[in-house]
Each structure stands twice: as structure tokens, then as C-alpha cells.
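S.K.: Okay, predicted coordinates and the sequence, questions at the end:
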Amino acid sequence: MTEFTPISAIAGGALIGLSASWMLLANGRIAGISGVYSGLLRPKAGDIGWRAAFTFGLVLAGFAFVLLQPSAIAATDSRSLGMTVLAGLLVGFGVRMGNGCTSGHGVCGLSRFSRRSLVATLTFMFTGMVTASALQLLGGGL
Amino acid sequence: MNQIFSSLVAGLIFGAGLAVSGMTQADKVINFLDLTDNWDPSLMFVMVGAIGIHLVLFRLILQRESPLFATRFGVPSRTDIDMRLVGGSAIFGIGWAVGGYCPGPGLVSMAAGGVQALAFVAALTAGMLIFHVADEAYKGAVPMKKADSKPQPEPTAHKTERAAGELAESHA
């Protein structure tokens, strides 16, 4: 069980919105994390630096919170290692096939009223909710 | 150099936002997706905060001729709904619920050195590579079908250009 934290959720969300806006203003790019990161896996000349920098920024933010507010980033989760590996494979495959994840479709896409992103977001929210609820009912949940 | 530095700043702010909002705690994400008991709607408020800001700033920014450190805006302009979009998003949603991580929180959470986050990012990377290989194989196996409808089938280049497409006209 986790507590409902509306204030920090909105505050953190606002930072995410600011980051996406800054990325667009500075570089004209969409802050879609799966797209930015996966571009590093098949690198093209002149298209690596900004991707690596953005990804490094994410990890660096993680380190900052580990030092300043460790409770924000748990080192242990309730899902088993096997489930987590399966999850990573599905997420990696799915976000490439669907061209985006929570950031690219969910935040950036919905902000510009993209039809594709609305369909994508409704789809992954739906399958996510069905899966998480089913796992809970089957006893594999939290 | 400016692009690299500004991207680093964007990554830092994005990562801080994920940590502040609690989305780096996989259990919180799972408790949003799991509707059976003790529902935690925090994730919805994260989306509201992020979209509320970006919705407004996005429109203001696109009134400029060009970005600060690049020659043009690369905003996707596709509107077609295809099986890739729906199928890929469906698979992503299942994985999201199984692990409690989407790509961003996975990358940020690695810093804590937890075995789950590290394993998630390794598997995420593998999953992306598997898709890239499968996608290339699929395109190699069925080039003829596409050739009928499109005179110059250059799947990879075409897709990249569309993804980085021009500024969509409809975003007034």
C-alpha cells in the first residue's frame, strides 16, 4: 500500500512539463524518454551527444536524490527479479513498436492533442490496469 | 555544445520531477494501475501537472521561428492509427504493470543501485534491441507488399523523417 500524494505528484509533474518544454524550446525536440534512449542503441553520427546527455541527466538526478532524499528512490521493490526482467523486455519491445512511452505519448503527445498519442495512452493505461489488477487478484501483486 | 548542455539540464529536471512525484517508486505506479484495493491516484496528478504546464508552454514555444539551439522544430505530425501503435502500446502497458517501471523511472532509479531497477534497464535495453532486429527482419521479409502502394519504399529513412517531421500545421 502507498499513500496518495497529490501535492508532490502535481509538483513533480510540473517539473516534467517544464523539462519537456525546455527541451522543445532549446532543441526543438520531444522529450520522449524511450525514443531518446533507444536512439543510443543504433547510433547515427551527430545524433548521439544530446541523447547521451539527456539520459545521463536522468541518471544524475537519481544520484542527487539518493544523496538528498533517499526515500524518493527505493532500492527494493515488491516485484520479483524474474517479473522485473520480463517487464523490461515487454516495455522495451512495446515502446519501440508503439513509438513512445508515458513521456512521449502520455505527456508530450497529449499536450499537443495528438490523436495517435491519445490512442496509445488509453491503450497502455487500459492494459496496464487490467494486468496489475489481474496480478493482484491472482496473488502475485503487492 | 549548447544542445548537449541543454539536454543534460532537461534530463536532470525530468529526473527530478519523476523522483519528486514518487514515480520512481515502482509500488506507487503499481498501486495506481491496480484498481482492486487501496487505489493510489497519484500518477494521474503527475500527468495533470505535466500536461497542464506543457499544454500552455508548447503553444507559446511553437510561435517562435526556431528553437534556441537548433534550426527547426521536430514535432511528430503523423495522425494515422495503426496496429503497431495499438499493439506496441498494449505490450508496453502489460510490462509496465508487471514491473512497475516505465523507461524514465527505470533510468532514474538505477542510481539507488537496487537490483530491480538495474535488471529492468538491462532488460529494457534488450527488449528495444529485440524489436529493432525483429523490425528489420520483418521489413526484409515483406518488402513487396509495401512496394505496391509506395513507389519508393525506404522504410527506415522514411519512418525517421516522419517521426522527426515538420512542424504540424494544425497546431495554432
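M.R.: Here it is on my side, so go on. Numbering: from 1, shown residues only, chains lettered A, B, ... in the order given.

S.K.: for the record, mean pLDDT for the helix of greatest length in chain B?
M.R.: For chain B, the longest helix by residue count, based on DSSP state H, is helix B:115-141. The average pLDDT for helix B:115-141 rounds to 94.

S.K.: Could I get the buried residue list for that helix?
M.R.: Buried positions in helix B:115-141, judged by neighbour count with 16 or more other CB atoms under 10 Å in any protein chain shown: B:116-129, B:131-132, B:135. In short, each C-beta sits where N, CA and C put it, glycine included.

S.K.: and what of stretch A:110-127?
M.R.: For stretch A:110-127, the neighbour count (16+ other CB under 10 Å) marks A:110-112, A:114, A:116-117, A:119-121, A:123-125, A:127 as buried.

S.K.: what's the answer for stretch B:38-57, then?
M.R.: By 16+ other CB under 10 Å, the buried positions in stretch B:38-57 come out as B:40, B:42-43, B:45-51, B:53-55, B:57.

S.K.: Which ones, among those, also lie beside chain A?
M.R.: Contacts with chain A within these, counted by CB under 8 Å from any CB of the partner chain: B:40, B:42-43, B:45-51, B:53-55, B:57.

S.K.: Now compare these and name the two farthest from each other.
M.R.: Greatest spatial distance in those: B:Asp40 and B:Leu57, 27.8 Å, computed using CB to CB.

S.K.: who's in contact with the residue positioned nearest the centre of chain B?
M.R.: In chain B, the residue lying closest to the centroid (CA atoms, centre = their mean) is B:Pro103, at 7.9 Å. Residues near B:Pro103 by CB atoms under 8 Å, 6 or more residues apart in numbering or on different chains: A:Ile33, A:Ser34, A:Tyr37, A:Val91, A:Gly92, A:Val95, A:Cys101, A:Thr102, A:Ser103, B:Leu124.

S.K.: rerun at 10 Å
M.R.: The contact partners of B:Pro103, by CB atoms under 10 Å, 6 or more residues apart in numbering or on different chains, come to A:32-38, A:55, A:58, A:88, A:91-92, A:95, A:100-104, B:92, B:96, B:120-121, B:124-125, B:128.

S.K.: In strands, which of these fall?
M.R.: Among these, DSSP state E puts none in strands.

S.K.: low-scoring stretches of chain A, by residue?
M.R.: Along chain A, the model assigns pLDDT under 70 to residues A:75, A:140-142.

S.K.: now swap in chain B and tell me
M.R.: For chain B, applying pLDDT under 70 flags the ranges B:143-172.

S.K.: Helices of that one, start to end?
M.R.: Using DSSP H, the helices found in chain B span residues B:2-21, B:26-33, B:42-61, B:83-99, B:103-109, B:115-141, B:143-149, B:155-163.

S.K.: what's the answer for chain A, then?
M.R.: Ranges of helices in chain A, per DSSP H, are A:6-27, A:33-38, A:49-68, A:81-97, A:110-111, A:115-137.

S.K.: Export those helices as JSON lines, with columns for distance to B:Ala10.
M.R.: Formatted as JSON lines, these follow (distance: least, CB to CB, whole Å):
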{"stretch": "helix A:6-27", "distance to B:Ala10": "4"}
{"stretch": "helix A:33-38", "distance to B:Ala10": "9"}
{"stretch": "helix A:49-68", "distance to B:Ala10": "6"}
{"stretch": "helix A:81-97", "distance to B:Ala10": "19"}
{"stretch": "helix A:110-111", "distance to B:Ala10": "15"}
{"stretch": "helix A:115-137", "distance to B:Ala10": "19"}
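
S.K.: which among the buried residues of helix B:115-141 are in contact with chain A?
M.R.: B:116-129, B:131-132, B:135 (CB under 10 Å from any CB of the partner chain).

S.K.: Now do the longest helix of chain B against helix B:26-33, angle only.
M.R.: With axes from the mean of the first three to the mean of the last three CA atoms, to 10 degrees as the basis, helix B:115-141 and helix B:26-33 are set at 60 degrees to each other.

S.K.: Next, the angle from helix B:115-141 to helix B:83-99.
M.R.: Between helix B:115-141 and helix B:83-99, the angle comes out at 160 degrees (the same axes, to 10 degrees).

S.K.: so how far is helix B:115-141 off the chain centroid?
M.R.: For helix B:115-141, the separation from the chain centroid amounts to 15 Å (computed by CA atoms, centre = their mean, to the nearest Å).

S.K.: before we move on, what about stretch B:132-145?
M.R.: Remark: stretch B:132-145 is offset 23 Å from the chain centroid, using CA atoms, centre = their mean.
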